[in-house]
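Engineer: No sequence on hand, only this structure:
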């Protein structure tokens, strides 16, 4: 499984609509409205690295209101949830 974090700059007047449209895209698991230099963060989870390009360039970039994207591919996942499961002794 490949996880990509996609930073989305959007037209301020269209952020809610763009976020909802991005959230409806297959392989997008979450969309967050955030503060800072970007407007939205989309989490993309796909089977193959090539699928990241398809989702971002053919789907997210085409959403009305999306001005630009910046994509980061995760090498590894570290989360409290994963660590708790790995070290759980079943108590």
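Structural biologist: Great, that's in hand. This one's a predicted model, so the numbers in the text were calculated from it and none came from an experiment.
Engineer: ok, which stretches of this structure are strands?
Structural biologist: Using DSSP state E, the strands of the chain run over 2-10, 28-33, 40-46, 66-73.
Engineer: Mind giving me the packing neighbours of the longest one?
Structural biologist: Using 3 or more CB pairs under 8 Å, 6 or more residues apart in numbering; DSSP states H and E as the contact criterion, the secondary-structure elements in contact with strand 2-10 are helix 15-23, strand 40-46, helix 49-53, strand 66-73. (C-beta placed from N, C-alpha, C; glycine too.)
Engineer: just to revisit the earlier point, output the strands of the chain as TSV; include the columns mean neighbour count.
Structural biologist: TSV is the format used below for the strands of the chain (neighbours: other CB atoms under 10 Å):
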stretch	mean neighbour count
strand 2-10	19
strand 28-33	15
strand 40-46	20
strand 66-73	14
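Engineer: So which bits of stretch 55-69 are buried?
Structural biologist: By neighbour count on 16 or more other CB atoms under 10 Å, the buried set for stretch 55-69 is 55, 56, 59, 60, 63, 65, 66, 69.
Engineer: what do you get for stretch 7-23?
Structural biologist: Within stretch 7-23, the residues that count as buried by 16+ other CB under 10 Å are 7, 8, 10, 14, 18, 19, 21, 22.
Engineer: so can I have a markdown table of the strands of the chain showing mean pLDDT?
Structural biologist: Below are the strands of the chain laid out as a markdown table (pLDDT from 0 to 100):
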| stretch | mean pLDDT |
| --- | --- |
| strand 2-10 | 98 |
| strand 28-33 | 98 |
| strand 40-46 | 98 |
| strand 66-73 | 98 |
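Engineer: List just the one of those strands that sits closest to residue 79.
Structural biologist: strand 2-10 (11.2 Å; CB to CB).
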